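K.L.:
build me a structure from this.
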Amino acid sequence: QVQLLESGGGLVQAGGSLRLSCAASGSTFRSTAGGWFRQAPGKERVVIAAKVWSSGNTFYESSVEGRFTISRDNAKNTTYLQMNSLKPEDTAVYFCVNRRTSLGGWDDWGRGTQVTVSS
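P.N.:
Next up is the predicted model:
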């Protein structure tokens, strides 16, 4: 059984930085792509960053492009989201996701980590 565990969330002042980590475990774990969603209070869960590891093709939602960076350490089976120049509107629960094959949607979801940005 595959599990994704996020860490690195917390409270930060506007303009600050955080790095979220998503550690994967499970003997059957495979990853062709990874991503991050977020859900702010009263809003839908939306994808903000995603990357296909083999090609390097990357997507960033417009509000985070240029400030957030998705990356991966294969040796550690860990995906990261570096978040810089944080804004109060970045406050949300952040979820990491994993795609095991080259087709279809996201196969694995983490439980989320809270990020709160104070003004």
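K.L.:
so which bits of the helix or strand hosting residue 24 are buried?
P.N.:
Using DSSP states H and E, residue 24 falls within strand 18-25. Residues 18, 20-24 are the ones in strand 18-25 that count as buried (16 or more other Cβ atoms under 10 Å). C-beta here means a position set from N, CA and C on the backbone, and glycine is covered the same way.
K.L.:
next: stretch 78-97.
P.N.:
For stretch 78-97, the neighbour count (16+ other Cβ under 10 Å) marks 78-81, 83, 86, 90-97 as buried.
K.L.:
chain center to that stretch, what's the gap?
P.N.:
6 Å (Cα atoms, centre = their mean, to the nearest Å).
K.L.:
any idea how far apart the tips of that stretch sit?
P.N.:
11 Å (Cα to Cα, to the nearest Å).
K.L.:
mind checking pLDDT for the residue nearest to residue 13 when sequence neighbours are not counted?
P.N.:
Excluding the flanking residues, the one nearest residue 13 by Cβ to Cβ, 6 or more residues apart in numbering is residue 118, at 5.4 Å. pLDDT recorded at residue 118 is 98.
K.L.:
touching, residue 118 and residue 88? I think so.
P.N.:
Yes. If you go by Cβ atoms under 8 Å, residue 118 and residue 88 touch, sitting 6.9 Å apart.
K.L.:
so what sits against both of these two?
P.N.:
Common neighbours of residue 118 and residue 88, using Cβ atoms under 8 Å, 6 or more residues apart in numbering, are residue 14.
K.L.:
any idea of the mean pLDDT in stretch 58-78?
P.N.:
Computed over stretch 58-78, the average pLDDT equals 97.
K.L.:
start at 499, not 1
P.N.:
Taking 499 as the first residue, the last one we looked at is stretch 556-576.
K.L.:
what's in contact with it?
P.N.:
Residues contacting stretch 556-576 (Cβ under 8 Å, 6+ apart): 519-523, 527, 529, 532-534, 544-551, 577-584, 587-588.
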